[in-house]
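Novice: any chance you could fold what I've pasted below:
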Amino acid sequence: MKISELRQRSKSELQKILVDNQEKLRQLRFDLSAGKVKNVREVRRIKKEIARILTLLTERGEAEQR
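Specialist: Numbers count the residues shown, from 1 in each chain. Model (predicted):
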């Protein structure tokens with residue numbers, strides 16, 4: 001998901017997507033260690049999306065404090 005798409009989401013939606021992505025990443029790591037994963041780039045993609053969401057949540061948190 002692109003950053004522009006994420007910026008349009010509400011804080012609660014972002015938190016839900018974050019939890020889902022963290023669960024996907026956890027499952028991918030287990031599958032990777034078991035040798036079930038064909039697309040190892042998926043791990044990188046999910047990690048980057050998690051970082052984007054965390055950045056947006058931090059920015060919004062700082063904006064609310066001001």
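
Novice: what residue is smack in the middle of the chain?
Specialist: Nearest to the geometric centre of the chain sits residue 50, at 2.4 Å (C-alpha atoms, centre = their mean).

Novice: how much space between that residue and residue 35?
Specialist: Counting by C-beta to C-beta, to the nearest Å, the gap from residue 50 to residue 35 is 24 Å. (Each C-beta comes from the backbone N, C-alpha and C, glycine too.)

Novice: what about the residue with the largest distance to the centre of the chain, distance to residue 51?
Specialist: Here the chain reaches farthest from its C-alpha mean at residue 66, the gap being 25.8 Å by C-alpha atoms, centre = their mean. Going from residue 66 to residue 51 by C-beta to C-beta gives 23 Å.

Novice: what about the helices in this protein?
Specialist: Using DSSP state H, the helices found in the chain span residues 3-7, 11-34, 41-65.

Novice: okay, those in a markdown table with mean pLDDT next?
Specialist: As requested, the helices of the chain are exported to a markdown table (pLDDT from 0 to 100):
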| stretch | mean pLDDT |
| --- | --- |
| helix 3-7 | 93 |
| helix 11-34 | 96 |
| helix 41-65 | 94 |
